[in-house]
Each structure stands twice: as structure tokens, then as C-alpha cells.
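Peer 1: 3D, please:
(2 chains)
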Amino acid sequence: KAGVTQTPRYLIKTRGQQVTLSCSPISGHRSVSWYQQTPGQGLQFLFEYFSETQRNKGNFPGRFSGRQFSNSRSEMNVSTLELGDSALYLCASSLVPGAGTEAFFGQGTRLTVV
Amino acid sequence: DQQVKQNSPSLSVQEGRISILNCDYTNSMFDYFLWYKKYPAEGPTFLISISSIKDKNEDGRFTVFLNKSAKHLSLHIVPSQPGDSAVYFCAASPESGGSYIPTFGRGTSLIVHP
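Peer 2: Okay, the predicted model is just below:
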């Protein structure tokens, strides 16, 4: 079955702009999480959605937001982009949320803010 | 303050030998520990996990050891193969309190030489 699909794969934006990233989870998976990966850092959790509800949120400013649709697809939005937002944004899906649950990651969206 | 630390940014091993990747954590509330492998230009893929009630979990060439008193876990790969060359992330998550979001380490880059 198809894996987690993230679009676009690459994106270049200017400071102050906003951006929307998309994630289609594996069919049947209802939990979607978003992570930010920057050079030298591990994956930092952004937020998690299950059944269209945000269940958990990481320590990121309110410029970072997300949503999940009824078909489990998810989008994340970053407004008023800053240079430090340049990162690889990864989406992961799992059947259900839970500790120790295996998550399947997409290839990520590489965002560059100039 | 990093709650999950992978103190070795890189590790080089000869093919056929054992690779040992280490991970330390500080939060005693962590209940599950996971290892992910990441190839360049791909998202992380789940490798193996262990619950805090166990001290060892084995899956083929991969074994994870957990020492709760030392707050330390390690991933052993035996025998190492060139295809194992990747970045390995350690992650830990609590189960209680309604938040089970994993905290990731910064990764260890493993290079297996033929």
C-alpha cells in the first residue's frame, strides 16, 4: 500500500510569507504527527492530530498551526516565516495514537526561507 | 535541556562487526523507547522498540538493551552490513498523563565500511 505522501517536496519562501504543507497518511491511519528537523537537532514534535482533533502540541509559537480533514489528510501552516523556520518538515502517520506505536514517516518537505 | 541524548554524532564500523549505538535519557517518566533509521532524502523508518518493563528486545540482527537504573539504552547491530549505513535516532515516550509524544535524540550517523 502507498506510504505517507508529503507535498511539496521542496519549497523556497521569503521571510514574512506563509506556507502550507500537506500530508496524506497511509490508508486507514487516523493519527498524523508533524515534526521539524533542523541541522544538528533531532526531530522536534510540532503537533498531532487524531480524528480531526489536535491531541498534542509541541513547544512552538502560534505561527505554526495545523489541521486534519475527515479523510485523515493533514496540513500544517506556518505564517510570517522567519529564517529559522528553514528545516525539513516530516509528517508521520500511525493507525492510532499511543506510546510505542510505530509511526510511518513521509519523505518530508524541505522548506528554505530566504 | 535535552531529555534524550545521543552523545556520539557518528560511528564507523567494519562490515561483519558489531555496531553499538548508545542513547541516554533523563526523564524517568519515559515508558517506551524506539529506534528509527533514516537514509538521506528519506523519512525515518521504524526499526525496533522496547517497553520499560523489559530489558532486552531482539529482532533479527537488531537488539535493543535497556538499563533503567542508568537511564541508558543501546542498539546492537550484528553483523553490520554496508546497507545499515544511515542516521539512527533514539526516541522515548511516556505512556501516562495523556501525552505519549516521543522525544527524539539528535541522531548518530553510522557508516559501515565494506
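Peer 1: who in chain B is up against chain A?
Peer 2: Taking CB under 8 Å from any CB of the partner chain as the criterion, chain B approaches chain A at residues B:4, B:6, B:31-32, B:34, B:36, B:41-46, B:49, B:51, B:89, B:91, B:93-95, B:99-107. The C-beta positions use only the backbone N, C-alpha and C, and glycine is treated the same way.
Peer 1: ok, of those, which come out buried?
Peer 2: Using 16 or more other CB atoms under 10 Å in any protein chain shown as the burial test, those include B:4, B:6, B:31-32, B:34, B:36, B:43-44, B:46, B:49, B:89, B:91, B:93-95, B:100-107 as buried.
Peer 1: those residues in strands, which ones?
Peer 2: Secondary structure from DSSP state E places B:4, B:31-32, B:34, B:36, B:46, B:49, B:89, B:91, B:93-94, B:103-104 of these in strands.
Peer 1: could you report the pLDDT at A:Gly100?
Peer 2: What the model reports for A:Gly100 is a pLDDT of 65.
Peer 1: what's the answer for A:Lys1, then?
Peer 2: On the pLDDT scale, A:Lys1 gets 59.
Peer 1: ditto for B:Asp59
Peer 2: B:Asp59 carries a pLDDT score of 96 in this model.
Peer 1: so how far is A:Gly62 from it?
Peer 2: Distance of B:Asp59 to A:Gly62, computed by CB to CB, to the nearest Å: 41 Å.
Peer 1: just B:Val78 next, same as before
Peer 2: When B:Val78 is compared with A:Gly62 (using CB to CB), they lie 47 Å apart.
Peer 1: what about the two, which has more around it?
Peer 2: In this view B:Val78 and A:Gly62 are compared by other CB atoms under 10 Å in any protein chain shown, and B:Val78 has more residues nearby, 13 against 7.
Peer 1: and the closest residue to the more buried one other than its chain neighbours, what does it touch?
Peer 2: Counting by CB to CB, 6 or more residues apart in numbering or on different chains, B:Val78 lies nearest to B:Ile18, which is 4.7 Å off, once chain neighbours are set aside. Residues counted as contacts of B:Ile18 (CB atoms under 8 Å, 6 or more residues apart in numbering or on different chains) are B:76-80.
Peer 1: same deal with B:Pro44?
Peer 2: With CB under 8 Å, 6+ apart as the criterion, the residues that contact B:Pro44 are A:43, A:90, A:105, B:36-38, B:89.
Peer 1: and with 10 Å instead?
Peer 2: Residues counted as contacts of B:Pro44 (CB atoms under 10 Å, 6 or more residues apart in numbering or on different chains) are A:35, A:37, A:43, A:90, A:92, A:103-106, A:108, B:34-38, B:86-89, B:91, B:104, B:107.
Peer 1: just the buried subset of these, please.
Peer 2: By the neighbour-count criterion of 16+ other CB under 10 Å, those include these buried positions: A:35, A:37, A:43, A:90, A:92, A:103-106, A:108, B:34-38, B:86-89, B:91, B:104, B:107.
Peer 1: could you report the pLDDT at the closest residue to chain B within chain A?
Peer 2: For chain A, the residue closest to chain B is A:Phe105, as judged by CB to the nearest CB, at 3.1 Å. Reported pLDDT at A:Phe105 in the predicted model: 93.
Peer 1: who's in contact with the nearest residue to it once chain neighbours are set aside?
Peer 2: When the adjacent residues along the chain are set aside, A:Phe105 lies closest to B:Gly43, with 3.1 Å between them (CB to CB, 6+ apart). B:Gly43 makes contacts with A:3-4, A:6, A:35, A:37, A:43, A:88, A:90-92, A:103-108, B:36, as judged by CB under 10 Å, 6+ apart.
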